[in-house]
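# Could you look at this predicted model? Sequence included:
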Amino acid sequence: MTTKCILIVCSVIALIAIYWPARHARHYDYIDLADVYDELLFVHVKTNKPNLKYCDYEDVIVNNSDVDVEEVVEQRRFYRPKNGGEYIPRTCNPLLKVAVIVPYRNRSQQLDVFLNYMHNFLQKQLIVYRIFVVNQTDNLPFNRAKMLNYGAKVAMDMDFPCLILHDVDLLPLNSGNIYSCSKKPRHMSSSLDTFRFNLPYLTLFGGAVAISSEHFQGINGMSNQFYGWGGEDDDFYRRLEIHSLLPYRFTPIISKYTMLFHKKEKASPSRYAMLEKSVALHRMDGLSSLPANYSVKSEKLYTLVMAS
């Protein structure tokens, strides 16, 4: 009886710790909906249709709508992209060009959902985009940041000025969440259903983020040393902080995401020790120290980067 009571008390305490409102960063600064358009970084995109009008991104942002969470797994229709997963709008001249980079290993079901949903979602935003799936091929613990570095390198070699670093299990729920880089690095997934659409802590910079290629190169990318779950996002934030590139967020109205169900991985026991030294070494650890053992292949719906 005593053991049962202890278990009940511990369970209650755990639930309070997880769901108590004060645990979350409920109030944080963000860019209001009316000001989002002015924060975007536009580029000149060469197309073979110079007589078309420019795409209207202000309309995409302001006339936004939500997607029902229960509908995200439904099959959606979209125009077939070019081989390699690149799409160019057909009805207007785009001013936004982005690489969506997805670190990946052994999640084929989630990848199928992601590709079907995101091609439909991104084509409605009238942007030039290409999806890069970076598959870790060795048997070591998953190194998310290293895979993102590989994807970023390949994308930048293809002249993509904007990088969207995106987990395969996250899907945006509002059409106005424009997939573009901004004047500052942006935490895109700040309102996630797993956290009851609250922000867990102010320095969170993971899940789905947007950063210009120029800024990503300036901080030497992400650390290659974080094997296993956890730590790499905190290191990423610290790199931005050192370089006076503190990220920001857009209004929660358009920053809503859902997380596809998956088994949680065990946190790496070495992540805190790595954090203690990683920032001091960041100029030597990152894009500049990335091994050259990777290959690139064009699939029908994405560019596949195989790396280890």
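On my side now, so go ahead.

# Not counting its neighbours along the chain, what's nearest Lys256?
Spatial nearest neighbour of Lys256, excluding adjacent residues (C-beta to C-beta, 6 or more residues apart in numbering): Leu173 at 4.2 Å. The way it works is simple: take the backbone N, C-alpha and C, and place the C-beta from them, glycine included.

# I'd say Cys133 and Tyr302 touch.
No, residue 133 isn't Cys; it's Val. Yes - using C-beta atoms under 8 Å, Val133 is in contact with Tyr302, at 4.7 Å.

# what residues are shared contacts of these two?
Residues touching both Val133 and Tyr302 comprise Val102, with contact defined as C-beta atoms under 8 Å, 6 or more residues apart in numbering.

# So between these two, which is more surrounded?
Counted by other C-beta atoms under 10 Å, Val133 and Tyr302 do not tie: Tyr302 has more neighbours, with 26 against 23.

# and the residue found closest to that one once you drop the neighbours it is linked to in the chain, what does it touch?
Spatial nearest neighbour of Tyr302, chain neighbours left out: Gly85 (3.8 Å); criterion: C-beta to C-beta, 6+ apart. Contacts for Gly85 (C-beta under 8 Å, 6+ apart) come out as 119, 130-132, 298-303.

# 10 Å - rerun?
99-100, 115, 118-119, 129-133, 298-304 (C-beta atoms under 10 Å, 6 or more residues apart in numbering).

# Now do the helices in the chain.
2-19, 36-39, 57-62, 108-123, 144-157, 213-218, 232-242, 271-278 (DSSP state H).

# how about CSV for those helices, with mean pLDDT and mean neighbour count added?
Shown next, in CSV, are the helices of the chain (pLDDT from 0 to 100; neighbours: other C-beta atoms under 10 Å):
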stretch, mean pLDDT, mean neighbour count
helix 2-19, 48, 10
helix 36-39, 98, 17
helix 57-62, 98, 17
helix 108-123, 98, 19
helix 144-157, 98, 23
helix 213-218, 98, 18
helix 232-242, 94, 21
helix 271-278, 76, 15
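
# between these, which one is nearest to Gly206?
Nearest to Gly206, of all these, is helix 232-242, at 3.4 Å by C-beta to C-beta.

# and the angle from the closest one to helix 144-157?
Relative orientation of helix 232-242 and helix 144-157, computed by axes from the mean of the first three to the mean of the last three C-alpha atoms, to 10 degrees: 60 degrees.

# Which strands and helices lie in contact with helix 232-242?
helix 144-157, strand 208-212, helix 213-218, helix 271-278 (3 or more C-beta pairs under 10 Å, 6 or more residues apart in numbering; DSSP states H and E).

# Could I get the contacting residues of Met147?
Counted by C-beta under 10 Å, 6+ apart, Met147 has contacts 101-105, 132-136, 165, 222, 224, 294, 305, 307-308.

# Surely the residue nearest to Lys256 and Val67 touch.
Yes - assessed by C-beta atoms under 10 Å, Leu173 is found in contact with Val67 at 5.0 Å.

# Can you check which residues contact both of those two?
121, 256, 258.
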